[in-house]
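Chemist: Pasting a predicted model and its sequence here:
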Amino acid sequence: RVPHPVLIGHAASLSQVGSVPHEAIECRAGGEKLRMAHENPWPVEAMFEAGKPEDLGKGGGTQRIKAYMSAQKERKEACDALLAALDSAKLTVPLLVLVAQQTSGCSFTDASIKNESIKYTSWIFRQCQETLLGYSDFLWRRMDLKAYAAQLPGPLVLTGTLQVEPTLALFTLRPLTRLRADSDVPPPVDLSAVAKELLASMSTQLRHTCAQLYATFWSLCLADIHVPAEAYDTNIRRLKKALSDLEDTERVDPRAKDKDIRKWRDNITKELQGLEVELKKQVDTRKKVLARLDKDKATWQEKPLRKTHALPNFLLQTCILPRSILSPEDAVFSAKFMHLLQAIKTPNVSTILLYNNLICNLGPIVFSRTEHEAKHFGRFLAETLLKLNNWAKSQEAYNRDCANTPGFENQTGTKKDDKEKKSGCASRPPP
């Protein structure tokens, strides 16, 4: 048995992971302050909405704001109590590993199909996966990184002795494998040192692998390559409006004390400044990450490849497809990473072949997944095809992003394409 995802969600004050709107994904791509501002917005804005005059001028403002601050305190105490209880029972990380093992153990075999238990197996898999995503998110946000690293086994132990799927093992290790863009010091778990062993343990028939590209892909997260500037701007505007609304004391609450108003204003100002600092830090981090990727892209290919489809096939089978169905954030990350490879002109990564293989295999990919995995994959496709559609509609966008890049070179080796090879890039697809 595994803990029910709803139970963990209520105990840790987490939103459900099954169906996440686009705005929530953008906020999850930011820092902790952006997530808190989105998940627990100040109630001042809601108080001034049209159609709610009953809360204005009758003490409703003071009561709402104090209830909001009390809920914030209770939420933190609940999370601390849950973490302390798990730690005292020595179940914090072992429970995470157990859920990952249970998720890996849900197999859709011929016997389950014959016994008509495939729906039940799918339901168990969904419960395990949602619990894993929610519980890991709770630990990453609340648990000390050093304590987490000390208790969690290494990647080879997880995939070998404990029989956790490589995708889930790398997911649980994500906070420990993230590269520091501003330092050459390796992370707590250096994935590049064990990437070859992980790839060798997989049941794939790939003749060509690229350990450095594999380690780089799984060492990054959405916040490293994407800045949710619009989400930051939206929440910063909300806080500024909340500050201005507090000036209208008669509408908030004519009986509100001056010391309470000053306290609320100071809290909002502190949160506003935190968001601005966090946004600047994330912009700087993304620039450093992109500069590092552009520098390291030449080392991703260990030896020259004769076949142009070798690296795209490896990327799809070991990186893009496994991660695009894992969670909503990972789906968006996988699509943006594909776009990033094209933008930095990665050698021997054919964007044409990546898109072609995806579109040609849509049926087998979708129909071999659970409902939630298919939703995640659909989000990945929407993000991926949005860029492709832009290139197909706009000659200017195609020339800017695709012309004279390795991703759109004609390297098919057929006589039919010899004339186009002279131009150095493939012709733009019709809209």
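Modeler: Yes, it's here.
Chemist: ok, and the closest non-adjacent residue to Asp296?
Modeler: Closest residue in space to Asp296, ignoring its immediate chain neighbours: Thr216 at 6.9 Å, by CB to CB, 6 or more residues apart in numbering. For every residue, glycine as well, the C-beta is placed using N, CA and C.
Chemist: Could you point out the helix or strand that follows the helix or strand encompassing that neighbour?
Modeler: Taking DSSP states H and E as the criterion, Thr216 maps to helix 211-218. Toward the C-terminal end, the helix or strand that comes next after helix 211-218 (DSSP H and E) is helix 222-225.
Chemist: So for the helix or strand following that next one, what gets flagged as buried?
Modeler: Note on helix 222-225: by DSSP H and E, the next helix or strand toward the C-terminus is helix 229-247. Buried residues in helix 229-247, counted by 16 or more other CB atoms under 10 Å: 231-232, 234-236, 238-239, 242-243, 245-246.
Chemist: Which elements pack onto helix 229-247?
Modeler: Here helix 229-247 touches helix 22-28, helix 32-39, helix 44-47, helix 249-252, helix 258-296, going by 3 or more CB pairs under 8 Å, 6 or more residues apart in numbering; DSSP states H and E.
Chemist: Tell me how far Thr216 lies from Val289.
Modeler: Using CB to CB, to the nearest Å, Thr216 is found at 10 Å from Val289.
Chemist: And Pro364, by the same measure?
Modeler: From Pro364 to Val289 the distance is 33 Å (CB to CB).
Chemist: and if you look at Tyr355?
Modeler: Distance from Tyr355 to Val289, by CB to CB: 24 Å.
Chemist: Looking at Thr216 and Val289, which one has more neighbours?
Modeler: Taking other CB atoms under 10 Å, Thr216 and Val289 do not tie; Thr216 has more neighbours (22 against 19).
Chemist: residues touching that one, list them.
Modeler: If you count contacts by CB atoms under 8 Å, 6 or more residues apart in numbering, Thr216 has them with 179, 192, 293, 296, 300.
Chemist: In three-state terms, label the first one for me.
Modeler: Reducing the assignment to helix, strand or coil with DSSP: H, G, I helix; E, B strand; the rest coil, the entry for Leu179 is coil.
Chemist: ok, now which ones touch it?
Modeler: Residues near Leu179 by CB under 8 Å, 6+ apart: 187, 216, 219-220, 224, 289, 292.
Chemist: Mind putting those into JSON lines with pLDDT and distance to Leu156?
Modeler: Compiled in JSON lines, the contacts of Leu179 are given as follows (pLDDT from 0 to 100; distance: CB to CB, whole Å):
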{"residue": "Pro187", "pLDDT": "84", "distance to Leu156": "16"}
{"residue": "Thr216", "pLDDT": "92", "distance to Leu156": "19"}
{"residue": "Ser219", "pLDDT": "92", "distance to Leu156": "16"}
{"residue": "Leu220", "pLDDT": "93", "distance to Leu156": "21"}
{"residue": "Asp224", "pLDDT": "93", "distance to Leu156": "24"}
{"residue": "Val289", "pLDDT": "92", "distance to Leu156": "26"}
{"residue": "Arg292", "pLDDT": "90", "distance to Leu156": "25"}
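Chemist: ok, those residues vs Gln395, which is closest?
Modeler: Nearest to Gln395, judged by CB to CB, of these is Val289 at 30.7 Å.
Chemist: Return the distance of the closest one relative to Leu326.
Modeler: Distance from Val289 to Leu326, by CB to CB: 21 Å.
Chemist: and of the helices and strands packed on helix 229-247, who's closest to His372?
Modeler: Closest approach to His372 among these (CB to CB): helix 22-28, 14.7 Å.
Chemist: Output that closest one in PDB with nothing but the alpha carbons.
Modeler: Included here for helix 22-28 are C-alpha records, laid out as PDB according to Å, rounded to 0.1, in the frame of the first residue of the first chain:
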ATOM      1  CA  HIS A  22      -0.900  26.500 -17.400                       C
ATOM      2  CA  GLU A  23      -0.600  29.400 -14.900                       C
ATOM      3  CA  ALA A  24       0.300  27.000 -12.100                       C
ATOM      4  CA  ILE A  25       3.000  25.400 -14.300                       C
ATOM      5  CA  GLU A  26       4.500  28.800 -15.000                       C
ATOM      6  CA  CYS A  27       4.600  29.600 -11.300                       C
ATOM      7  CA  ARG A  28       6.200  26.200 -10.500                       C
END
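Chemist: Pro187 - how many residues pack around it?
Modeler: A count of neighbours around Pro187, defined by other CB under 10 Å, yields 17.
Chemist: what's the answer for Asp330, then?
Modeler: Using other CB under 10 Å, Asp330 has 22 other residues around it.
Chemist: My guess is Arg369 contacts Pro322. True?
Modeler: No - assessed by CB atoms under 8 Å, Arg369 is found out of contact with Pro322, at 11.3 Å.
Chemist: Between those two, point out the one with more neighbours.
Modeler: More neighbours surround Pro322 than the other of Arg369 and Pro322, with 20 against 16 (other CB under 10 Å).
Chemist: tell me the contacts of the more buried one?
Modeler: Pro322 neighbours (CB under 8 Å, 6+ apart): 166-167.
Chemist: Remind me which helix or strand it belongs to.
Modeler: Take DSSP H and E as the rule and Pro322 turns out to sit in helix 321-324.
Chemist: does Val164 count as helix, strand or coil?
Modeler: Following three-state DSSP, the label given to Val164 is coil.
Chemist: could you point out where this protein is predicted with low confidence?
Modeler: Counting by pLDDT under 70, the chain has low-confidence residues at 1-19, 45-60, 107-117, 180-184, 203-208, 250-251, 302-308, 410-431.
Chemist: Let's see that with 50 instead.
Modeler: Low-confidence segments of the chain (pLDDT under 50): 50-51, 53, 55-59, 412-427, 429-431.
Chemist: what about the residue nearest the centre of it, helix or strand, and which?
Modeler: Centroid check for the chain by CA atoms, centre = their mean gives Glu329 as the closest residue, at 2.9 Å. Assigned by DSSP H and E, Glu329 belongs to helix 328-343.
Chemist: immediately after that helix, which helix or strand?
Modeler: Immediately after helix 328-343, counting by DSSP H and E, sits helix 351-360.
Chemist: Next, the angle helix 328-343 makes with that following helix.
Modeler: On the basis of axes from the mean of the first three to the mean of the last three CA atoms, to 10 degrees, helix 351-360 is oriented at 140 degrees to helix 328-343.
Chemist: the helices in the stretch 51-200 of the chain, which residues?
Modeler: Per DSSP state H, counting those that start in this stretch, the stretch 51-200 of the chain carries helices over the ranges 60-88, 92-104, 110-114, 118-142, 145-151, 155-159, 166-172, 174-177, 195-201.
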